[in-house]
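Participant: Sequence and predicted structure below; questions after.
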Amino acid sequence: MQKEIKLVFYNQGLRSYIEVDLCRECPRQDDKGCCGFYSPVFYSSDFAYLLKSEPGLIDKILQLNNLTILDASVTINNRIDGESYRCYFHSKDGGCLLTQHLRESVCRHFVCPGIAWEQEEKLYPWKQFFAQLSDYEIELNNRIASRLQEKGLTLRDKSKRSQFFEELLAIFEQETRILPDFFNKQPAREEVVITRQIMYGQDWPL
């Protein structure tokens with residue numbers, strides 16, 4: 001069946017994101033959709049935002065059991081749920097337990113390939129924007145991680161985590177004092193409606 005899908009693009013710097021109204025009625029019809037396949041990874045730029053806006057969430061994350069902790073990132077491994085998995089932050093009743101700004105980048109940018117919004121010529125500027133944002137985030141996180149490593153700081157060392165986060169935030173502020181020009185080329189918000197053929201169940205691609 002054909003269905004109109006509303007997408008809202010938000011340019012909010014490093015916390016930019018995409019909203020899709022179809023998520024509330026996910027065609028997968030399995031109560032988890034893409035959240036049954038992905039384990040969120042929080043990097044330095046995510047921690048910097050959380051330190052300034054929701055520091056308690058970092059404490060909550062680090063107290064979880066099923067984590068993969070590297071020098072400058074934390075993966076919250078999903079848990080078995082039936083024949084697949086479920087993200088720790090996904091609720092059957094209300095979807096993601098985190099607001100958009102608190103989510104890591106994949107969870108803020110991902111739109112299932114069945115929607116294929118990138119194919120819309122009018123949305124090419126947003127496609128370019130999020131591609132540039134992804135590249136910038138990777139470069140930024142790598143720079144921060146490298147500088148932390150030079151100071152001998154790692155998330156693996158529990159005894160130095162307070163120092164780790166203190167230095168991380170200071171480095172983040174230095175590295176982001178001047179942001180790339182592409183942030184100024186897109187509006188703060190744009191809402192669009194596109195029409196797509198919807199398939200239900202596992203036929204809907206993720």
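Facilitator: Great, that's in hand. Numbering: from 1, shown residues only.
Participant: in the protein, which spans are helices?
Facilitator: 44-53, 55-62, 105-109, 124-150, 161-175 (DSSP state H).
Participant: Make a markdown table from these and add distance to residue 3 and mean pLDDT to it.
Facilitator: From N, CA and C alone the C-beta is placed, and that goes for glycine too. Shown next, in a markdown table, are those (distance: least, Cβ to Cβ, whole Å; pLDDT from 0 to 100):
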| stretch | distance to residue 3 | mean pLDDT |
| --- | --- | --- |
| helix 44-53 | 33 | 98 |
| helix 55-62 | 35 | 97 |
| helix 105-109 | 22 | 97 |
| helix 124-150 | 21 | 98 |
| helix 161-175 | 41 | 98 |
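Participant: Could you dump the ones you listed into a markdown table with distance to residue 23 and mean neighbour count added?
Facilitator: Below are the helices of the chain laid out as a markdown table (distance: least, Cβ to Cβ, whole Å; neighbours: other Cβ atoms under 10 Å):
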| stretch | distance to residue 23 | mean neighbour count |
| --- | --- | --- |
| helix 44-53 | 21 | 20 |
| helix 55-62 | 22 | 13 |
| helix 105-109 | 11 | 19 |
| helix 124-150 | 17 | 16 |
| helix 161-175 | 30 | 16 |
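Participant: Export those as JSON lines, with columns for distance to residue 73.
Facilitator: Below are those laid out as JSON lines (distance: least, Cβ to Cβ, whole Å):
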{"stretch": "helix 44-53", "distance to residue 73": "8"}
{"stretch": "helix 55-62", "distance to residue 73": "11"}
{"stretch": "helix 105-109", "distance to residue 73": "12"}
{"stretch": "helix 124-150", "distance to residue 73": "8"}
{"stretch": "helix 161-175", "distance to residue 73": "11"}
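Participant: wait, which of those helices is closest to residue 87?
Facilitator: Among the helices of the chain, helix 105-109 comes nearest to residue 87, with 8.4 Å by Cβ to Cβ.
Participant: chain center to the closest one, what's the gap?
Facilitator: 3 Å (Cα atoms, centre = their mean, to the nearest Å).
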